[in-house]
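This is the structure alone, sequence omitted:
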């Protein structure tokens, strides 16, 4: 079901790139001939070899036949299996464009992998020709795909935290690289149900920190938590730091974006919030420099709302969602998914965001 369109009078601090959308599904080749790219979403962003890079989530499905629904599942061996059902199958539920239910079993309509794109100017992106560009799901915990990767730069090392999806649940997995050709897969670091995990780019008080989003069902909710680790694999001292707020723009769920930005006033974190109508906006948290579990300030009004046509119409409308940015002095160049369909960019002043917080 498409999200409802709600006009907002909230001020926005975003300066959108005039070239938006920067990438569209028809610019991305499918991974194989019998597949089609349904949408591209939520890129991680980083600098490498003098260029700006995006690690884009590419969601694919088989070319559809009239009267049938087909969808992909990755086997543990790395081979793709195509599931196929007649659309009038009595156990088939297609009410959500993202999920297929067959009886008591749930599947995703698409299978996601990660794809690299590079740019000389941070605006015009292309797939690199001189190195591998795709990272595919692997193993039993990624059979439904890998999604929404955050990239944290730590000196010459890049730490990738991403959502691993399977019939076992939705979990956080991690891999690391120094050259974007060889990857060390560290496996699941936070078990289901968890996602929206991003690492701080330096230790705080001698320990690595991450933000993550476990989900409560009957008690609790979709809140932002923080955790500590000595090695980026084993995480503990979990604390909830930001909950949803009734009757506000982030009343239904909240989740972290990219790595927090260190400022003189604290760690600045851009996060997403959704309401009961599945409208996704962006806001900011300010965390204490030495005790980042302490929230010093939080956006009352969002700093960005989905008010452009390409943000309101698409695979899942009324969505701006970010998990990637590049910082240049006071300028934060943010890359985001719009309507779960295209990749866009917007620029913010870090000073202006800080001044907006209450």
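Great, that's in hand. All values reported here derive from a predicted model rather than from experimental measurement. Residues are numbered from 1 along each chain as shown.

For the rest of this, base every contact and every neighbour count on C-alpha atoms.
Fine.

I'd guessed residue 192 sits against residue 165; true?
No - counting by C-alpha atoms under 8 Å, residue 165 is not a contact partner of residue 192; they are 9.2 Å apart.

what about residue 311, how many residues close to it?
25 (other C-alpha atoms under 10 Å).

That one should be in a helix, yeah?
Yes - according to DSSP: H, G, I helix; E, B strand; the rest coil, residue 311 belongs to a helix.

I'd like to know how far it sits from residue 44.
Applying C-alpha to C-alpha, to the nearest Å, the value for residue 311 to residue 44 is 18 Å.

what's the answer for residue 315, then?
With distances defined as C-alpha to C-alpha, the gap from residue 315 to residue 44 amounts to 20 Å.

more crowded one of those two?
residue 44 (31 against 20).

Give me the spatial nearest neighbour of the more buried one, chain neighbours excluded.
Using C-alpha to C-alpha, 6 or more residues apart in numbering and skipping the chain neighbours, the partner closest in space to residue 44 is residue 324 (4.1 Å).

The one you found: which element?
strand 320-328 (DSSP states H and E).

Can you list the strands that that strand pairs with?
Looking at strand 320-328 with DSSP bridges, its partner strands are strand 331-338 (antiparallel).

So for the very next helix or strand once past the strand it pairs with, mean pLDDT?
Following strand 331-338 in sequence order, the next helix or strand is strand 342-349 (DSSP H and E). Strand 342-349 shows an average pLDDT of 98 in the prediction.

Stretch 156-169 now?
Stretch 156-169 comes out at a mean pLDDT of 96.

where do the helices sit along this protein?
Taking DSSP state H to define them, one finds helices in the chain at 309-312, 350-356.

export these to a markdown table and tack on distance to residue 149?
Written out in a markdown table, the entries for the helices of the chain read as follows (distance: least, C-alpha to C-alpha, whole Å):
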| stretch | distance to residue 149 |
| --- | --- |
| helix 309-312 | 20 |
| helix 350-356 | 23 |
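
so of those helices, which one's packed in deepest?
Of these, the one with the most neighbours on average (mean count of other C-alpha atoms under 10 Å) is helix 309-312, at a mean of 21.

mean confidence score for that helix?
Computed over helix 309-312, the mean pLDDT rounds to 95.

re earlier: please name whichever of the helices of the chain is nearest to residue 233.
If you check each of those against residue 233 by C-alpha to C-alpha, helix 350-356 wins as the nearest, at 30.6 Å.

Name the residues that touch the closest one?
For helix 350-356, contacts defined as C-alpha atoms under 8 Å, 6 or more residues apart in numbering pick out 13, 268, 284, 286, 299, 303, 330, 331, 332.

hang on, isn't the third one packed against residue 267?
Think residue 284. No - checked against C-alpha under 8 Å, the pair residue 284 and residue 267 is beyond contact range at 10.1 Å.

Comparing these two, which residue is more hemmed in?
Per other C-alpha under 10 Å, whichever of residue 284 and residue 267 has more neighbours is residue 284, with 25 against 22.

Quick check: nearest residue in space to the more buried one, chain neighbours excluded?
residue 270 (4.5 Å).

what's next to stretch 258-269, contact-wise?
Stretch 258-269 has contacts (C-alpha under 8 Å, 6+ apart) with 44, 150-152, 198-201, 256-257, 270, 284-289, 292, 322-325, 354.

Please apply the same query to stretch 304-311.
7-8, 10-14, 21, 279-283, 312, 317-320, 338-339, 342.

Where do the strands of the stretch 151-300 of the chain begin and end?
In the stretch 151-300 of the chain, strands defined by DSSP state E, counting those that start in this stretch lie at 157-166, 169-177, 183-190, 194-199, 208-214, 224-229, 236-242, 253-256, 261-263, 266-274, 280-287, 295-298, listed in chain order.

Ok, which of those comes nearest residue 74?
Residue 74 sits nearest to strand 157-166 of all the strands of the stretch 151-300 of the chain, at 9.1 Å, using C-alpha to C-alpha.

circling back to that earlier point, what's the closest of the contacts of helix 350-356 to residue 113?
Using C-alpha to C-alpha, residue 332 comes nearest to residue 113 of these, at 26.3 Å.

what's around that closest one, how many residues?
18.

leaving aside the residues next to it on the chain, what's closest to it?
Setting aside the residues directly before and after it, residue 332 is nearest to residue 348 in space (C-alpha to C-alpha, 6+ apart), at 5.1 Å.

residues in contact with residue 210?
Taking C-alpha under 8 Å, 6+ apart as the contact definition, residue 210 lies against 197, 198, 199, 200, 226, 227, 228.

Among the residues you listed, which one is most surrounded by other residues?
In terms of neighbour count, residue 197 stands highest of the contacts of residue 210 at 32 neighbours, by other C-alpha under 10 Å.
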